[in-house]
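[1] Build the 3D model from these lines:
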Amino acid sequence: MHPITVRRLVVSCAGLFATLALAAPLTPVPNANNKIVGQSAPNGLSPELTEAVVAEGSNRLENPAVVTVPGGGTVSLPYYGYNGDGPFVPALGSNVEATKTEPDKNTYLVLHGQKGADPSYDYGHHFLFQGHELGKAGMITRINLDADEDHRVTLMASTLVDGTPLPTIDGSTWNPFARRLIFTTESGSNATVMQATVDFPSTVEDISGAFGRGGYEGIQTDPEGNVWIVEDIGGKTGTANPHAKQPNSFLYRFVPKHRNDLTRGKLQVLQVISLRTGTPIVFHASDIDGDIKSNDVLDLHTYGKVFKTRWITIHDTQKDGSTPFDANGAAKAAGGTPFKRPENGQFRPGTGFREFFFSETGDTSALTEAGSAFGGFGGIFKISQDFPGDDEGHLRLFYLSDVVHTGFDNVAFWDANHVVFVEDAGDGLHTQRNALDSAYLFDVRKSYADPKRQPIRILAEGRDASATIDSGLAGTPGFQNEGDNEITGIHISNGDPGATGLLGADIPRPFQDGWRVFFTQQHGDNRTWEILPAHPRHWGDDDRVCGED
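    Below you'll find the model as predicted:
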């Protein structure tokens, strides 16, 4: 297979670039890593790329804590990726090991004057923030990228401002208008949206009275201050379709009354209009199998079909107050359009926030009766609006997934024309297809309706020894941790904390002008990596020819 080479469009010899594509060729990784019982494997990257660990589960927190958990008792938080309730690796013949915290989405910021647990230490300027998805208590950490080992990871918060333990966390982003990190959790029992300061220690507030409680994961801010939210709640399986799930999750938009205040405003849900009936595509509580294989779901997963969309308000703090509410239930009652486990989305840079791409994970089972045609393997969708704050727009399928390319979760734009989606297919599907997860690069200018055109694999995730052990222990009585590694927290940013640093505002230039690329290999050793150029000169401007296309 030949390398895919895309170069920058040079609009003047002075170096003004209208758009930036890949500044060096990326050679596809030919195959995913196989899942072999008892066998670990290294990550495989395009040969133009390499990786370096910036933190891993065994990194000691510079300021460990002990937290009281709901229902009584305490849990210690001594490490980046482990609670203090057992060994990192179980003894021979045992399945007892420390509960893993699972660092999730990453948010990179360049900040000045940051403090930590050591008042005399200079923590530098480059920081990577994340919430933790599992563990016996939630926490927010900061990787201090300029720091030494003793100050490498700081526990920013483990409780809300009122002392309530944090829930476990999935999504994160930075809101430059409110000057707050926003964290989400997809847990049904304690689903919470939180805003957190970036100073140490972080002040964390529950803002679910404005955003509602839902299985939220992906979250992004547009330049008008609106916050776009992607929900990930699995639906019920049908009687006629026992391996397929009913679409049960929604896309939301929070419209703040003032963009610097995330506690007041309107929550809206996306409504998609059927091409067949001219009425909204909605959830049917009494017809699970009908929803799984409806004509509308078929149309949604068909290339070339364009749907009208509109945002419907389901809660307004000015009229409805600020008591936390069930966002998923309100979305169903208002006639929002359900999708099959969407997880994350991002605005395409260079479009003025007029295009928003989001992933749909699907059923994560090779046995799904929905197949590709009815979204059983999910897909990638694009929402187009004239302006991000418009109430009407259009939706179309960008990519229809299959069993080889499925379980899409996290997303990051590599440049104006290329986007990376990473898989979280899960242990069961890994086994069914004998393949671990991959990260794929898509060209958003292309049509993937031709099955001969496929995205290129730039990362074939491996499985570390710890995850290999956990996979073998999965399902044994009392074992609490996840199995195979998954790719999460793919994040490409220059760390700009201003409005110009919103994801989608500036065109990314990986490895140049401060742009950095991160991901977390969740589960197992819980390593967070920075992706780097294997040959730095190939990514610079020194050998760029003026006028080169």
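[2] those strands in the stretch 51-200 of the chain, which residues are they?
    Ranges of strands in the stretch 51-200 of the chain, per DSSP state E, counting those that start in this stretch, are 60-68, 74-79, 103-110, 126-132, 140-144, 153-157, 172-175, 180-184, 193-196.
[3] Mind listing residues that contact the first one?
    Contact partners of strand 60-68, identified using CB atoms under 8 Å, 6 or more residues apart in numbering, comprise 74-80, 84, 116-118, 137, 139, 141, 150-155, 158-159, 165. (Glycine included, C-beta is placed from N, CA and C.)
[4] Mark which of the residues you listed are buried, thanks.
    75-80, 84, 116-117, 137, 139, 141, 151-155, 158-159, 165 (16 or more other CB atoms under 10 Å).
[5] Just give the number of residues close to the spatially closest residue to Gly393 that is not a sequence neighbour.
    Excluding its sequence neighbours, the residue lying closest to Gly393 (CB to CB, 6 or more residues apart in numbering) is Gln385, at 3.6 Å. Neighbour count of Gln385, defined by other CB atoms under 10 Å: 21.
[6] Let me see the mean pLDDT of stretch 536-549.
    For stretch 536-549, mean pLDDT is 46.
[7] and if you look at stretch 48-64?
    Here the average pLDDT along stretch 48-64 is 98.
[8] in that stretch, what counts as buried?
    48-49, 51, 54-57, 59, 61-63.
[9] okay, those residues in JSON lines with distance to Pro324 next?
    Formatted as JSON lines, the buried residues of stretch 48-64 follow (distance: CB to CB, whole Å):
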{"residue": "Glu48", "distance to Pro324": "47"}
{"residue": "Leu49", "distance to Pro324": "43"}
{"residue": "Glu51", "distance to Pro324": "40"}
{"residue": "Val54", "distance to Pro324": "35"}
{"residue": "Ala55", "distance to Pro324": "33"}
{"residue": "Glu56", "distance to Pro324": "35"}
{"residue": "Gly57", "distance to Pro324": "32"}
{"residue": "Asn59", "distance to Pro324": "34"}
{"residue": "Leu61", "distance to Pro324": "30"}
{"residue": "Glu62", "distance to Pro324": "33"}
{"residue": "Asn63", "distance to Pro324": "30"}
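[10] Return the closest of those with respect to Thr27.
    Glu48 (6.5 Å; CB to CB).
[11] Let's see the pLDDT reported for the nearest residue to Ala330 once chain neighbours are set aside.
    Once flanking residues are discounted, Ala330 sits nearest to Ile314: 4.2 Å by CB to CB, 6+ apart. What the model reports for Ile314 is a pLDDT of 98.
[12] And Thr19, by the same measure?
    Thr19 carries a pLDDT value of 37.
[13] Could you do Val10 as well?
    30.
[14] Just want the most central residue of this structure.
    Centroid-nearest residue in the chain, with CA atoms, centre = their mean: Asn410, separated by 3.4 Å.
[15] How much space separates it from Asp437?
    11 Å (CB to CB, to the nearest Å).
[16] intersection of neighbour lists for those two?
    422, 424, 487.
[17] Which of these lies at the shortest distance from Asn43?
    Ile487 (9.2 Å).
[18] residues contacting the closest one?
    By CB under 8 Å, 6+ apart, the residues touching Ile487 are 409-410, 422-424, 437-439, 459, 461, 519-522.
[19] Direction included, what does whichever strand or helix holds it pair against?
    Assigned by DSSP states H and E, Ile487 belongs to strand 486-493. Using DSSP bridges, the strands paired with strand 486-493 are strand 516-522 (antiparallel).
[20] Show me what secondary structure element comes after the strand it pairs with.
    Assigned by DSSP H and E, the successor of strand 516-522 is strand 527-533.
[21] Okay, now the unreliable bits of the stretch 401-549 of the chain?
    540-549 (pLDDT under 70).
[22] before we move on, back to that, how far away is the residue nearest to the centre of the chain from Val269?
    23 Å.
[23] re the thing from before, double-check that the residue nearest to the centre of the chain belongs to a strand.
    Yes. Under DSSP: H, G, I helix; E, B strand; the rest coil, Asn410 sits within a strand.
[24] Run a quick check on it versus Glu423, I expect a contact.
    No. Between Asn410 and Glu423 there is no contact under CB atoms under 8 Å: 9.2 Å.
[25] re earlier: of the contacts of Ile487, just say which sits nearest to Pro451.
    The closest of the contacts of Ile487, once distances to Pro451 are taken by CB to CB, is Ser438, at 17.9 Å.
[26] Can you give me every residue that contacts that closest one?
    Ser438 neighbours (CB under 8 Å, 6+ apart): 29, 32, 405, 422-423, 457, 459-461, 487.
[27] Can I get the residues you listed in CSV including secondary structure and distance to Gly321?
    Shown next, in CSV, are the contacts of Ser438 (DSSP: H, G, I helix; E, B strand; the rest coil; distance: CB to CB, whole Å):
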residue, secondary structure, distance to Gly321
Val29, coil, 52
Ala32, coil, 49
His405, coil, 44
Val422, strand, 39
Glu423, strand, 40
Arg457, strand, 49
Leu459, strand, 46
Ala460, strand, 50
Glu461, coil, 45
Ile487, strand, 40
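[28] Looking at those residues, state which has the most neighbours.
    Per-residue neighbour counts (other CB under 10 Å) across those peak at Glu423, which has 31 neighbours.
[29] before we move on, the earlier item: can you tell me the element the residue nearest to Ala330 falls in?
    Using DSSP H and E, the element containing Ile314 is strand 306-316.
[30] ok, so what distance separates Glu423 from Leu400?
    Between Glu423 and Leu400 the distance is 15 Å, computed by CB to CB.
[31] oh, I was asking about Ala334
    28 Å.
[32] Counting neighbours, go ahead and name the busier of these two.
    Leu400 (20 against 17).
[33] these two touch, right, the more buried one and Phe374?
    No. Using CB under 8 Å, Leu400 makes no contact with Phe374, being 10.5 Å away.
[34] list residues touching both of those two?
    Common contact partners of Leu400 and Phe374 (CB under 8 Å, 6+ apart): His301.
[35] For Ala333, which residues are in contact?
    Here Ala333 is in contact with Ile314 (CB under 8 Å, 6+ apart).
[36] Report the secondary structure state of it.
    helix.
[37] Look up how far His284 lies from it.
    Separation of Ala333 from His284 (CB to CB) stands at 13 Å.
[38] and the closest residue to Gln130 other than its chain neighbours, how many neighbours?
    Distance criterion CB to CB, 6+ apart; nearest residue to Gln130, sequence neighbours excluded, is Pro103 at 4.7 Å. For Pro103, the neighbour count with other CB under 10 Å is 31.
[39] again with Ser286
    Neighbours around Ser286, by other CB under 10 Å: 6.
[40] check contacts around it.
    No contacts exist for Ser286 under CB under 8 Å, 6+ apart.
[41] Quick check: the gap between it and Gln246.
    Ser286 is 11 Å from Gln246, by CB to CB.
[42] Just to check, the residue nearest to Gly393 is in contact with Gly352?
    No. Using CB under 8 Å, Gln385 is not in contact with Gly352, being 10.0 Å away.
[43] who touches both of the two?
    Contacts common to Gln385 and Gly352, judged by CB under 8 Å, 6+ apart, are absent.
[44] contacts for stretch 447-461?
    Here stretch 447-461 makes contact (CB under 8 Å, 6+ apart) with 4, 26, 28-33, 43-46, 49, 303-304, 398-400, 405, 420-423, 436-443, 446, 485-487, 519, 521.
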